[in-house]
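Novice: sharing a model that was predicted from the sequence below.
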Amino acid sequence: LDFNKSAILRAVRIVKLLRVGRIARLLRAVPELLIMAKGMKAASRSVAIFLAMWLIIIYIFALVFVQIAEREGAYFSSVPHAMNSLLLDGIFPDHSVFMKTVSGE
């Protein structure tokens, strides 16, 4: 019984190794794919940092607007609600009605 489990795991490892070998062979045959993959990796890091900074800026403005509105405003009653309002109504105004309908607000 233990032999069958180890044989199955060994077969799965071999299949994974063959798949990696096939991808390596493809990348050697078409080096442009490797260049594109490296470019996408570098760009994804920049995009992730931009989105993190964008989220921090939205959070800071949400804090400020909640403090200024003193929980009286419809858009800035809490920090999460203020962030949602700033993101949807401020940055994506064309899609805010659709997103609010889908989310059930």
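Specialist: Arrived safely, thanks for sending.
Novice: all contacts plus neighbour counts: C-alpha atoms, from now on.
Specialist: OK.
Novice: tell me the buried residues in the lengthiest helix in the chain?
Specialist: What stands out as the longest helix in the chain, according to DSSP state H, is helix 31-69. Neighbour counts over helix 31-69 (16 or more other Cα atoms under 10 Å) mark 58, 59, 62, 63, 65, 66 as buried.
Novice: could you give the mean pLDDT of that helix?
Specialist: For helix 31-69, mean pLDDT rounds to 92.
Novice: next one: it to chain centre, how far?
Specialist: Put simply, helix 31-69 sits 9 Å off its chain's centre (Cα atoms, centre = their mean, to the nearest Å).
Novice: I'd like the next helix or strand past that helix.
Specialist: helix 79-85 (DSSP states H and E).
Novice: who are the packing partners of that following helix?
Specialist: helix 31-69 (3 or more Cα pairs under 8 Å, 6 or more residues apart in numbering; DSSP states H and E).
Novice: now do the helix it packs on: which elements does it pack against?
Specialist: So helix 31-69, by 3+ Cα pairs under 8 Å, 6+ apart, packs with helix 79-85.
Novice: quick one: contacts of the helix it packs on?
Specialist: 58, 59, 62, 63, 65, 66, 75, 76 (Cα atoms under 8 Å, 6 or more residues apart in numbering).
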